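Trainee: Generate a structure from the sequence data that follows.
(one chain, ligands or ions: 2)
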Amino acid sequence: MEKECIFCKIARKEIPVEVIFENDNFIVFPDAHPKVEGHCLIIPKKHFTNILDFPDSLGAELIETVKKVAEIKIKQGADGFNLMQNNFESAGQVVMHMHFHFLPRKKGDGKNHYCV
Ligand code: 5GP
Ligand code: ZN
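Mentor: Ligands and ions are numbered 1, 2, ... in the order given. As a prediction, this is how the structure comes out:
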């Protein structure tokens, strides 16, 4: 699973990645098909399928990572952001490596809270 997983390959830097931020357990990089300008993905470096097998013990570091990304994006001009996280195919999860979408927002960007 981890061998074939595209996000594991990104985490291991086996394929080129523009790193926005990283720490011991997470890496943040741009989404290949951004829904809004600056759309990026926050992923654990280890493979977890979805939030159900993601360990509680990484929860605090995940929130710290979200805040770091917010700091970066706000410096770049965002004045808000949405977080989105899909679990299982029925909910629209396509990449089966747990991830959060970080969606920077700007007043008047014309999107709703689902960024559509
Ligand atoms: P999901 O629907 O699973 O929550 O979202 C997966 C996201 O990963 C999509 O927004 C898609 O554009 C993005 N994605 C899929 N493959 C790649 C890739 O190889 N590189 C990057 N940077 N993003 C990807
Ligand atoms: Zn993976």
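
Trainee: And N23, how far from L58?
Mentor: Counting by Cβ to Cβ, to the nearest Å, the separation of N23 from L58 is 11 Å. Just so you know, the C-beta spots here come from the backbone N, C-alpha and C atoms, and that holds for glycine as well.

Trainee: Quick check: closest non-adjacent residue to L83.
Mentor: Distances taken as Cβ to Cβ, 6 or more residues apart in numbering place F100 nearest to L83, at 5.5 Å, with adjacent residues excluded.

Trainee: from what I can see the one you found touches F81, true?
Mentor: No: using Cβ atoms under 8 Å, F100 is not in contact with F81, being 10.8 Å away.

Trainee: As a check, name the ranges of all helices in this structure.
Mentor: For the chain, the helices defined by DSSP state H cover 6-11, 59-75.

Trainee: Could you pull out the buried residues of the last one?
Mentor: Under the neighbour-count criterion of 16 or more other Cβ atoms under 10 Å, helix 59-75 has L62, T65, V66, K68, V69, A70, I72, K73 buried.

Trainee: Is it possible to get a markdown table of these that adds distance to ligand 1 and pLDDT?
Mentor: Shown next, in a markdown table, are those (distance: Cβ to the nearest ligand atom, whole Å; pLDDT from 0 to 100):
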| residue | distance to ligand 1 | pLDDT |
| --- | --- | --- |
| L62 | 16 | 98 |
| T65 | 17 | 98 |
| V66 | 16 | 98 |
| K68 | 18 | 98 |
| V69 | 15 | 98 |
| A70 | 19 | 98 |
| I72 | 17 | 98 |
| K73 | 16 | 98 |
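
Trainee: Alpha carbons only: can I get stretch 51-61 in PDB?
Mentor: Extracted as PDB, the C-alpha positions of stretch 51-61 are listed here (Å, rounded to 0.1, in the frame of the first residue of the first chain):
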ATOM      1  CA  ILE A  51      -9.100  10.000  10.200                       C
ATOM      2  CA  LEU A  52     -10.200   6.700  11.800                       C
ATOM      3  CA  ASP A  53      -6.800   5.100  11.800                       C
ATOM      4  CA  PHE A  54      -4.900   8.500  12.300                       C
ATOM      5  CA  PRO A  55      -3.500   8.300  15.900                       C
ATOM      6  CA  ASP A  56      -4.900  10.800  18.500                       C
ATOM      7  CA  SER A  57      -1.300  11.300  19.600                       C
ATOM      8  CA  LEU A  58      -0.500  13.200  16.400                       C
ATOM      9  CA  GLY A  59      -3.500  15.500  16.900                       C
ATOM     10  CA  ALA A  60      -1.800  18.300  18.600                       C
ATOM     11  CA  GLU A  61       1.000  18.400  16.100                       C
END
